[in-house]
Each structure stands twice: as structure tokens, then as C-alpha cells.
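[1] Quick one, what's the 3D model for this:
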Amino acid sequence: MAALNSHLCYKTLTPQRELGAFSNGVKAMAKEKFEDALEKLEDIVRKMEAGDMPLSDALKSFEEGIKLIRFCSAKLDETQRRVEQLLGNEDSLKVKSFQEEDGDGN
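    Below you'll find the model as predicted:
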């Protein structure tokens, strides 16, 4: 019985439980819309630029901002791949980069 209790105690203290909590956060963010994430990111930037946050809150906001940036970047990459895939299926439409459309080379 003592071995079972020590096993249960060990199991509750392993990083797996923290990993599960992180995984739940990622799943929640995956359901979030790009526009909502971008709005949250803009709000974080405004608050941090105001300079009124305590250091610990600024660090938490920075961490949240990094997560939101990664989420938004992934959504944009996913959207770009989807658009390119859709345009690739059309013979009359060609994928162009934005630089190619800019006539002055900038």
C-alpha cells in the first residue's frame, strides 16, 4: 500500500500535469479567431507602451503577447498556403508575391 501511495504522490507532482495544462491552453487558443487574438495583442501593446505596469505584470503580458504573435503568424501562414493552393488549382490565376506587383521595386 505504501508503494501505491508513493506512486500516486509522484504521479501528481510530475511535469506531465503541467504539460497537460499547457496543452489545454494551446487547444483553447486554437479555437480562437485570428481577429480576436490580434485585438488582444494590440491591447497588450497599448498597455505595455503606457509604461504603468509593474515588472511582473509586464513580463506576464510579454509572454502572452509572444503566444499571440505565434498564433497569429501560424494562422497567416495557414491562410497563405490555403490561398496558394486554391489559386494553384486555377489555370487562369497565378500566385504573385507582393513585391512582384510593386512597380517601383520597393
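
[2] which residues touch stretch 41-53?
    The contact list for stretch 41-53 (C-beta atoms under 8 Å, 6 or more residues apart in numbering) reads 58, 61-62, 64-65, 68-69, 72. Quick note: C-beta positions are derived from backbone N, CA and C, even for glycine.

[3] I'd like the average pLDDT over it.
    Here stretch 41-53 scores 94 as its mean pLDDT.

[4] List the buried residues in it.
    For stretch 41-53, a neighbour-count test (16 or more other C-beta atoms under 10 Å) marks 41, 44, 53 as buried.

[5] from the residues you listed, which single one is nearest E84?
    L41 (25.1 Å; C-beta to C-beta).

[6] Check whether that closest one sits in a helix, strand or coil.
    helix (DSSP: H, G, I helix; E, B strand; the rest coil).

[7] With the one 3 residues further on instead?
    On the three-state scheme (three-state DSSP), I44 is labelled helix.

[8] And M53, by the same measure?
    Under three-state DSSP, M53 comes out as coil.

[9] going forward, begin numbering at 3 instead of 1
    In the new count, where the first residue is 3, that last one comes out as M55.

[10] Would you check how far apart it and F36 are?
    25 Å (C-beta to C-beta, to the nearest Å).
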